[in-house]
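The sequence isn't on hand, but the structure is:
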């Protein structure tokens, strides 16, 4: 297990080097001049030249990459040419909001997807199966941003049950900063009012984001459960007199969950990279919005920083999924 | 039994704590008068000598003070840190007397030394709004006469000098020096303030919101009742509209015509639609390609369907020449191009493409729906001359980068330009002086006569003579037809009805001065 983990962490190094090289090259190949943009509409040629020199944009591409890569080793993600803030500081500010949203969406997707998938398999071809099938199809087909807008119209504008956008009421002080997750910070401060409010703000964007993975997990769990239910050992367990409840709640899920777990890992990365639209609709201040504004201003360092950040998280989550699979199913050996 | 009592006690205690917390929150909410402004733009930097753009200008205007300020419509200059000033007859020397009441947030007085320090820092860093005084003030140009008097000696006479001063902020040298670091305090001032403004920075949530709190004793007289303000970033204009509608924001700054129509007659909402100094024009490549021919440019200018453009614009008025209506020197009698197909064909016959038959290119900034629609109006107009138009959406970096040389500049190039200060010099120089060639504000147009008139106008101190020079400038530009002069879209702001004392100003109209405002 330890050897497996060490190898996977080591494997991260070439993956990240490759990632930085590709993103670095792509951002530099885009047409346009970031120094000219950063200098502002009225800048003199001398000012533009000065910014180019300051950010090393006038140096050859390999030299620029080498400077960036050696900086990374020191924990320096570079500086935004537009805001002149260190990218790391920005990532620290934006990432917790995105992670809170993605984790909430995944908790909803897993928490509802797995039991509903099991239910659909048990009641195969009966109304619970049909109903979850129709709802899943709808959830997968509907774009997340559109669902977000529908939720805003329905639950915020018409019914007034939940807030329209944002992360916390503007005229209230948020809980003291500890993790950047407002829900956890509120809990840590023992402020249950703030916790309730943070959950209200989290609800609509998290639900909008969760529906697509929820539907996929549900369908995967259903298919895997149907497959497991056909296995001989289930018949043997029945013959041995184990109760239906024990079989369905203890032995079947452990064997069926493997496929769903793989999807969970993949979806986590997919949600991280795809929060842009939901964050835009709900004005959720996360890395999706940060990346969008960086792309629009051709701000290289934040673009590479966000990509690296998502890359690292994606690899780590998939590593966790592998470990979880091994823990749940002893037949899988981590080598 | 004991356990039950403990549980009950805990529950009661928890409920009491919740109630107490709720009551405290309620009390705080009642004493707070926080104005919420919804804007699509982040405030990337708070350094007054580095940051540019309307969102940082809003923050800086409220965190810092300037020698003079601009307010009202038509805009007029009013004293701020300087209670009075004199200008030498040759227009090169300005002497400012500072208001003795002016103090920084830490209570120390705003001195002539602080003013000199601020201008020197702006010139030394060579960033931000330094372009406003580039070639006008040099190092050593600002000197201290006594603690309350500062003198500025210009390199050359610059008539709009007072007009640029509302955008050059004065910092507290003591605080900047204490946090100077290795970059002249830039790292420190990126997310902190060292000013004498009525507000201080309370909360920074990058990319989400910035909260300002009124200082204990603002030195300026006649303030409103606000205790603070929040700049909330709402990137979609539809979100800004919903925030105003729901009462979640007091002022929305980036609304479209469609948003304004949707908000019309909504209870509790006040709409402001006023002309401001923000022009829209379709620039033509006067140096490369078929439009280098003045006759073809005139043919295009006559063929263009101005009425369709106005219809697309919604709440707007057509421009009459290169300057916005209402600005100093604007010539209302100027004969400009209006749709006339016969004249268009007459000029086309004189051009190098007498039968049309050419394909021209136009790029616009992807996502700017109005520009796309105006492109379609142009396409339709040109088809009547047998000219085809290839319209291409690109991202802003590519758009602005393409203007580096005439060969890479497209044939048609639509742009908005906003006046940073209330003087024709700003838009005229940026849009038509040849020193701006290669920049998106004037990629290709160069005319020595126009350059000479603009240089004379910025150096002239007699207002009547300046007006005459700007009239000459407008005629010269119209004769050469380098732009399709487009529209002045009305500035569109929505306010909740309880916002009091708001006065519109056409200069940087979305850079709102919070100090006089109140919430009823």
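Good, I have the coordinates. On a predicted model such as this, the values are computed, not experimentally measured, just so you know. Residues are numbered from 1 along each chain as shown, chains lettered A, B, ... in the order given.

how about the spatially most central residue of chain A, what does it touch?
Chain A has residue A:272 as the residue nearest its centroid, 2.6 Å off, counting by Cα atoms, centre = their mean. Neighbouring residues of residue A:272 by Cβ atoms under 8 Å, 6 or more residues apart in numbering or on different chains: A:98, A:102, A:287, A:310, A:313, A:314. (C-beta placed from N, C-alpha, C; glycine too.)

need the helices for the stretch 401-520 of chain B, in chain order.
B:424-432, B:448-459, B:463-480 (DSSP state H, counting those that start in this stretch).

how about the worst-scoring helix or strand of chain A on mean pLDDT, does it get close to chain B?
The helix or strand of chain A with the poorest confidence is helix A:34-39; it has a mean of 76 (mean pLDDT, DSSP states H and E). Yes - in terms of Cβ under 8 Å from any Cβ of the partner chain, part of helix A:34-39 sits within range of chain B, namely A:34, A:36, A:37.

what does the stretch 151-300 of chain A have sitting close to chain B?
A:152, A:157, A:164-167, A:170-172, A:191-193, A:280-281, A:283, A:285, A:289-290, A:293, A:295-298.

From the residues you listed, list just the buried residues.
For these, a neighbour count by 16 or more other Cβ atoms under 10 Å in any protein chain shown gives the buried set as A:152, A:164-167, A:170-171, A:191, A:280-281, A:283, A:285, A:289-290, A:293, A:295-298.

Please identify the most buried of the helices of the stretch 401-520 of chain B.
helix B:424-432 (a mean of 23; mean count of other Cβ atoms under 10 Å in any protein chain shown).

Give me the contact list for that helix.
Helix B:424-432 is contacted from outside by A:41-42, B:159-160, B:163, B:277, B:279, B:281, B:322-324, B:327-330, B:417, B:419-420, B:435-436, B:439, B:441-442, B:445, B:447, B:450, B:454, B:457-458, B:470, B:473, B:477, B:482-483, using Cβ under 8 Å, 6+ apart.

and what of stretch B:397-410?
Identification of contacts with stretch B:397-410 by Cβ under 8 Å, 6+ apart yields A:30-34, A:36-37, A:296-298, B:285, B:287-288, B:361-365, B:392, B:394, B:413, B:438-440, B:443-444.

Give me the distance between it and the centre of its chain.
Its chain's C-alpha centre and that of stretch B:397-410 lie 23 Å apart, by Cα atoms, centre = their mean, to the nearest Å.

quick one: residue B:421 from chain A, how far?
11 Å (Cβ to the nearest Cβ, to the nearest Å).

Give me the number of neighbouring residues for the residue nearest to that residue when sequence neighbours are not counted.
Spatial nearest neighbour of residue B:421, excluding adjacent residues (Cβ to Cβ, 6 or more residues apart in numbering or on different chains): residue B:163 at 4.2 Å. Using other Cβ atoms under 10 Å in any protein chain shown, residue B:163 has 23 other residues around it.

How about residue B:323?
Burial of residue B:323 is recorded as 26 neighbouring residues (other Cβ under 10 Å).

Is the closest residue to it other than its chain neighbours in a helix, a strand, or coil?
Nearest-residue entry for residue B:323: residue B:330, 5.0 Å, with adjacent residues in sequence omitted and distances by Cβ to Cβ, 6+ apart. Of the three states, residue B:330 takes coil according to DSSP: H, G, I helix; E, B strand; the rest coil.

For residue B:217, the count of nearby residues, please.
Neighbours of residue B:217 under the rule other Cβ under 10 Å: 9.

try the one 3 residues further on
Residue B:220 sits with 18 neighbouring residues when counted by other Cβ under 10 Å.

Can you name the residues bridging to residue B:518?
Going by DSSP bridges, residue B:518 is paired in beta bridges with residue B:500.

separation between it and residue B:226?
Using Cβ to Cβ, to the nearest Å, residue B:518 is found at 7 Å from residue B:226.

More neighbours: which of these two?
Shown here are residue B:518 and residue B:226; by other Cβ under 10 Å, residue B:226 has more neighbours (23 against 15).

quick one on the thing from earlier: wait, the residue nearest to residue B:323 sits on residue B:324?
Yes - the pair formed by residue B:330 and residue B:324 meets the contact definition of Cβ atoms under 8 Å, at 7.0 Å.

Compare neighbour counts for those two and give me the winner.
Taking neighbours as other Cβ under 10 Å, residue B:330 and residue B:324 compare with residue B:324 leading, 22 against 18.

ok, the nearest residue to residue A:129 once chain neighbours are set aside to residue A:222 distance?
Excluding the flanking residues, the one nearest residue A:129 by Cβ to Cβ, 6+ apart is residue A:120, at 4.4 Å. Residue A:120 sits at a distance of 4 Å from residue A:222 (criterion: Cβ to Cβ).

Same check on residue A:59?
Per Cβ to Cβ, residue A:59 is found 56 Å from residue A:222.

count of neighbours near residue B:215?
19.

Also residue B:346?
14.

and it, that one's in a helix?
Yes - assessed by three-state DSSP, residue B:346 belongs to a helix.

Tell me which strands the longest strand along chain B pairs with, and in which orientation.
Ranked by number of residues, the top strand in chain B under DSSP state E is strand B:487-496. Sheet pairing of strand B:487-496 (DSSP bridges) gives strand B:251-252 (antiparallel), strand B:269-275 (antiparallel), strand B:316-318 (antiparallel).

Determine which stretch of these is the most buried.
Greatest average neighbour count among the strands paired with strand B:487-496 goes to strand B:251-252 (a mean of 28), per mean count of other Cβ under 10 Å.

Tell me the first helix or strand C-terminal of that strand.
Next helix or strand after strand B:251-252 toward the C-terminus (DSSP states H and E): helix B:257-263.
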